[in-house]
Every structure is written in structure tokens, then in C-alpha cells.
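Novice: For reference, the sequence and a predicted model appear below.
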Amino acid sequence: MKNYYLVIFLTVLLYSCKKEAGEGGNASIQGHVTVKDYNNDFSILISEYAGYDRYVYIKYGGDSEGFDKRIKTDYNGDFIFEFLYPGTYELYVYSKDSTFSSPSGIVAMTQTINIDGRKEEVVADDFNIFE
């Protein structure tokens with residue numbers, strides 16, 4: 001009988017734990033990357049097209065260093081991060097710096113996304129990157 005109560009207690013304890021942001025849940029974040037190709041001084045838009053085969057990075061929570069996962073966009077410029085727990089996530093992609101303020105000429109375009117529900121499907125704002 002003691003084992004029965006122990007099993008019930010452990011089951012309740014397991015399901016009452018709040019999961020942190022990260023993989024293992026049923027939520028998802030999807031989005032799209034568009035490339036805007038400009039001339040050297042960013043004064044003339046030459047072309048615009050789907051950002052196919054581009055890396056999109058995700059950070060779980062706000063305190064982690066580096067990225068937790070990266071994926072490449074498909075041929076339409078679309079991406080999806082699946083199996084996420086509710087929480088706060090940061091997405092980013094790299095782009096040429098149109099302000100000429102970065103010594104490397106490259107900047108991270110970021111978005112903060114909040115997932116509130118267990119099975120929520122969040123659509124991120126489009127990433128418009130420069131080339």
C-alpha cells in the first residue's frame with residue numbers, strides 16, 4: 001500500500017513541474033526569410049527573393065549563451081522549430097549591415113517569441129535580410 005501512495009505522489013510531482021523553454025513539448029515556431037539584394041551603398045534594390053538555404057538560429061530562454069539549435073530554410077525560405085515547451089525564445093538570422101556600423105559588415109536580425117500554450121503554433125514576423 002505504501003508503494004501505491006509513493007507512485008501516486010511521484011506521478012503528481014512529475015506532472016506539476018513547470019517545464020522550461022526548450023525542446024520536448026508540442027508547440028512550434030515557424031517563419032519565413034526574404035532576401036533583399038541591394039547595390040553596394042544600399043540605395044537601389046536590385047532584386048528580392050525567398051531566402052532559401054539560410055541558417056535560422058534559436059535560443060531557449062533569455063540567459064543562454066550561443067545558440068541552442070539552428071536549421072536551414074527550405075527552397076521557399078520557410079523554417080519551423082517544432083516540439084517546443086511554452087516559454088521565451090530568441091530567433092536570429094545574419095544579414096549584411098545596411099547601416100555600415102558593424103566592423104564585420106554583418107549583423108544579427110533578432111526576434112523574441114513567447115509561446116504561452118502547450119500546443120501553440122506561433123508564426124514569427126518575416127525576416128528581411130540584406131545581401
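Specialist: Looks like it came in fine. This one's a predicted model, so the numbers in the text were calculated from it and none came from an experiment. Numbers count the residues shown, from 1 in each chain.
Novice: what's the longest strand in this protein?
Specialist: For the chain, the strand with the greatest residue count under DSSP state E is strand 23-38.
Novice: buried sites along that one?
Specialist: Gly25, Ala27, Ser28, Ile29, Gly31, His32, Val33, Val35, Lys36, Tyr38 (16 or more other C-beta atoms under 10 Å). For every residue, glycine as well, the C-beta is placed using N, CA and C.
Novice: For the third one, which non-adjacent residue is closest in space?
Specialist: Right, Ser28. Once flanking residues are discounted, Ser28 sits nearest to Glu82: 4.6 Å by C-beta to C-beta, 6 or more residues apart in numbering.
Novice: go on, the fifth one?
Specialist: Spatial nearest neighbour of Gly31, chain neighbours left out: Ala124 (3.6 Å); criterion: C-beta to C-beta, 6+ apart.
Novice: How about the first one?
Specialist: Closest residue to Gly25 in three dimensions, ignoring its sequence neighbours and counting by C-beta to C-beta, 6+ apart: Tyr85, at 3.7 Å.
Novice: Looks like that neighbour contacts Gly61 (just checking).
Specialist: No. Assessed by C-beta atoms under 8 Å, Tyr85 is found out of contact with Gly61, at 10.1 Å.
Novice: and Lys36, bridged to which residues?
Specialist: Glu48, Phe130 (DSSP bridges).
Novice: Let me see the contact set for it.
Specialist: Lys36 is in contact with Leu45, Ser47, Glu48, Asn128, Ile129, Phe130, Glu131, counting by C-beta atoms under 8 Å, 6 or more residues apart in numbering.
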